[in-house]
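> fold the following.
(chains A, B, C, D, E and F)
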There are 4 protein chains.
Amino acid sequence: MKKKAEERREQILRAAFQAVSDKGYETVTLQDIADYAGVSKGVTNYYFENKEDVFLSLLEWVTDRIYQQEYKAVSKQTTAIEKLEAYLYSVFINPEKNKKFYKVYLDFMAQASRNPQYRQINLKFYENCWKIGRDIVSLGQKEGTFSPDIHVDTASKMIRSIIDGCLIQWLMRDEDHLHEFYKNTCYEVILKYLK
Amino acid sequence: MKKKAEERREQILRAAFQAVSDKGYETVTLQDIADYAGVSKGVTNYYFENKEDVFLSLLEWVTDRIYQQEYKAVSKQTTAIEKLEAYLYSVFINPEKNKKFYKVYLDFMAQASRNPQYRQINLKFYENCWKIGRDIVSLGQKEGTFSPDIHVDTASKMIRSIIDGCLIQWLMRDEDHLHEFYKNTCYEVILKYLK
Amino acid sequence: MKKKAEERREQILRAAFQAVSDKGYETVTLQDIADYAGVSKGVTNYYFENKEDVFLSLLEWVTDRIYQQEYKAVSKQTTAIEKLEAYLYSVFINPEKNKKFYKVYLDFMAQASRNPQYRQINLKFYENCWKIGRDIVSLGQKEGTFSPDIHVDTASKMIRSIIDGCLIQWLMRDEDHLHEFYKNTCYEVILKYLK
Amino acid sequence: MKKKAEERREQILRAAFQAVSDKGYETVTLQDIADYAGVSKGVTNYYFENKEDVFLSLLEWVTDRIYQQEYKAVSKQTTAIEKLEAYLYSVFINPEKNKKFYKVYLDFMAQASRNPQYRQINLKFYENCWKIGRDIVSLGQKEGTFSPDIHVDTASKMIRSIIDGCLIQWLMRDEDHLHEFYKNTCYEVILKYLK
DNA sequence: CATGAATGAGACTTCATTCAT
DNA sequence: AATGAATGAAGTCTCATTCAT
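The predicted structure follows:
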């Protein structure tokens, strides 16, 4: 029953995601994760090599999920503007989810700044995000919506930089009602840059 | 001699800065910090309440130092463009120093996402950065260099968001030679936004 | 089918013997034993009460096997000297097997020094060995080959002491080529003692 | 105060010796050792790298102490026979001490059979014991007490083999009153071998 | 019969903190 | 003012044992 095992792993990762978001990367214990998952302490070590393995798997799982959501949202739209908007609405999904993810993501980036394994996984996430950005910008240029002077690769990097910069600042300010402000302003800045 | 004590504290904070940058917020031990400072283990507990106190003091000290540098650089210039450029050159000082600071800063933001004390200190840093931004944008509007439609407060937030977003992405990519790229593109994006 | 079960137990014991020899009494896990036996983890607990039961059974099984070999070898000979020689050749069978057995045997003796159950099983082994010794010495005295002053019981104890002492020292020195030396010298010492 | 630290280490080793003798090499915990030493759990890790370091130090310490005792006892005597007797009396010191040491020693030999570090330390002990044996045998040959045909190096190996063989068998039989028997018979066997 | 998922006790180890010197 | 020995809480990980399938 490979299926069962895969479900179990995901159950644990889901619990780990919530636990890390609540308590922080280094503070969270395997016991915490087990508690969140409603399983016994030993289970985590049964499905994962060790704590680090849980975290690496978690980073991979969570960034992949985020990417999938973003990709799906963008795919549904046709014009560059629609796609860009869909992308931003998908990224700035809502205060609760953004908080949950960016808390964890900040933890992981802090790790990634010293640990190549985390960095590697994050890079894969970046590549995916950049790809979305590139596609939107290319399309916009073909449509004539965006300036032909913009360098596509560069723009894709900037789009994600601005997004992350905005959401991190928003998170640091810890005021849910500013979410709308950052979403809109982020969109404006990107749009102005691309036109 | 209050002076002596203050020097001692700074000696420890300087060591802590390097130690945290090298090893990470949670990984670093008081022993590490003592080693980096070339003092005995007990000293840290003598000059600081506890580990958390060291870290809070460190965050305050390091963000203040960064702000002072940025402020000084901007002050020396007269036109808005010159000031903006000076600001960015001061922020993107060089790969080594950016790496050292942003590693620590990511650690602290990860903490701040859950701990109000860190958040408070970071907010003070933000306020200072925003003030620099506001002054530049206001001046630019007075000069006629920047668009009068730009909302000054909003712009100041965005400037720092874009900066942090770029430097974090740069750090994650871990390639020193990209520093130049991010500095330049960051400047372009901001400029395009303000004009 | 009682037979099937008995075979299964022996299969596990054989695996346990190799596993303990390789990894050591306390280090070996039930999983190791299962792996060596090519069966699943649960099987061991199915055929044995618990880990201790495996080990007690193993000690009994392995000492019995050793004794049987020695007994058979001695039985084939007729004179005391021949029997003594056969005994020693059977004990000092070859470096590989001696190493395998004495590693495990040392482990068990270490246990036996504190646990009466192991001690009991080892005593049974001793009794068997002493019996072999007694028979040889008695025969030798009847033949006039060995000194009539030798106390038979005492001699039987000494013979095994010398053998074990030699093989343990040989094992500790970890040089296969010394096997010959210890076998020959052991024989000489015993012979000199008996004459 | 290097002295204080050295005393502390010895205090811990002494406690570890008793604890291992009582509970066994693998069964004993660092908590046990701390309890026996009357100190807190952390102390053991303060004075030793880890558990293995405690045990390696213990083996070294205990075998050295044993050797010193034996050496001193032999040194006091003048003739070969006297020295041999003194050696054996020193080795077969009394049931209590022999039991305590050989329990621990069996544990260590079991380890040594797989771990070169333990083997190395034991080898050093062997060399010392063999040296004592060699000196006695050489002297005996010079005196004309022992047969000139005996090979000195070989004899020294055998003496320790017989001693260890006897004491291990004695320990396995777990009857204090047999101590006298093994001591005497061991002496006889060695003497007969040397003459 | 056999499997292997799940449990949870318990061991080692690290380290912030205290405190006598 | 400074040291570093000592404490003990807490976390990770291993593994014997149980039990549903």
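
> show me which residues of chain A sit near DNA strand F.
A:Val28, A:Thr29, A:Leu30, A:Gln31, A:Lys41, A:Gly42, A:Asn45, A:Tyr46, A:Asn50, A:Lys51, A:Glu52 (CB under 7 Å from any atom of the strand). Every residue, glycine included, has its C-beta placed from N, CA and C.

> can we see that at 6 Å?
Within chain A, the positions near DNA strand F by CB under 6 Å from any atom of the strand are A:Thr29, A:Leu30, A:Gln31, A:Lys41, A:Gly42, A:Asn45, A:Asn50, A:Lys51.

> out of these, which are buried?
A:Leu30 (16 or more other CB atoms under 10 Å in any protein chain shown).

> so which of the residues of chain A next to DNA strand F comes closest to chain D?
Using CB to the nearest CB, A:Asn50 is the member of those that lies nearest chain D, at 18.7 Å.

> for that closest one, give its distance to DNA strand E.
Between A:Asn50 and DNA strand E the distance is 13 Å, computed by CB to the nearest atom of the strand, to the nearest Å.

> same question, A:Gln69
Taking CB to the nearest atom of the strand, one finds A:Gln69 at 28 Å from DNA strand E.

> which residue ranges make up the domains of chain A?
Domains of chain A are assigned by automatic domain parsing as A:1-48, A:52-194.

> about what we covered before: for the residues of chain A next to DNA strand F, work out which two are farthest apart.
For the residues of chain A next to DNA strand F, with distances taken as CB to CB, the pair at the greatest spread is A:Gln31 and A:Asn50 (14.4 Å).

> got the contact list for the residue nearest to A:Gly133 when sequence neighbours are not counted?
Once flanking residues are discounted, A:Gly133 sits nearest to A:Ser156: 3.3 Å by CB to CB, 6 or more residues apart in numbering or on different chains. Applying CB atoms under 8 Å, 6 or more residues apart in numbering or on different chains to A:Ser156 gives the contacts A:Cys129, A:Trp130, A:Lys131, A:Ile132, A:Gly133, A:Arg134, A:Val137.

> DNA strand F: which of those is nearest?
A:Cys129 (29.9 Å; CB to the nearest atom of the strand).

> tell me how far the closest one lies from A:Asp64.
Distance of A:Cys129 to A:Asp64, computed by CB to CB, to the nearest Å: 12 Å.

> who has more neighbours, these two?
A count of neighbours by other CB atoms under 10 Å in any protein chain shown puts A:Cys129 above the other of A:Cys129 and A:Asp64, at 24 against 14.

> do I have it right that that one meets A:Gln69?
No: under the criterion of CB atoms under 8 Å, A:Cys129 is not in contact with A:Gln69, lying 11.7 Å apart.

> the residue nearest to A:Lys41 when sequence neighbours are not counted sits in which helix or strand?
Nearest residue to A:Lys41, sequence neighbours excluded (CB to CB, 6+ apart): A:Ala34, at 4.9 Å. In this assignment (DSSP states H and E), A:Ala34 forms part of helix A:30-37.

> measure A:Asp22 to A:Asp35 for me?
If you go by CB to CB, the gap between A:Asp22 and A:Asp35 works out to 11 Å.
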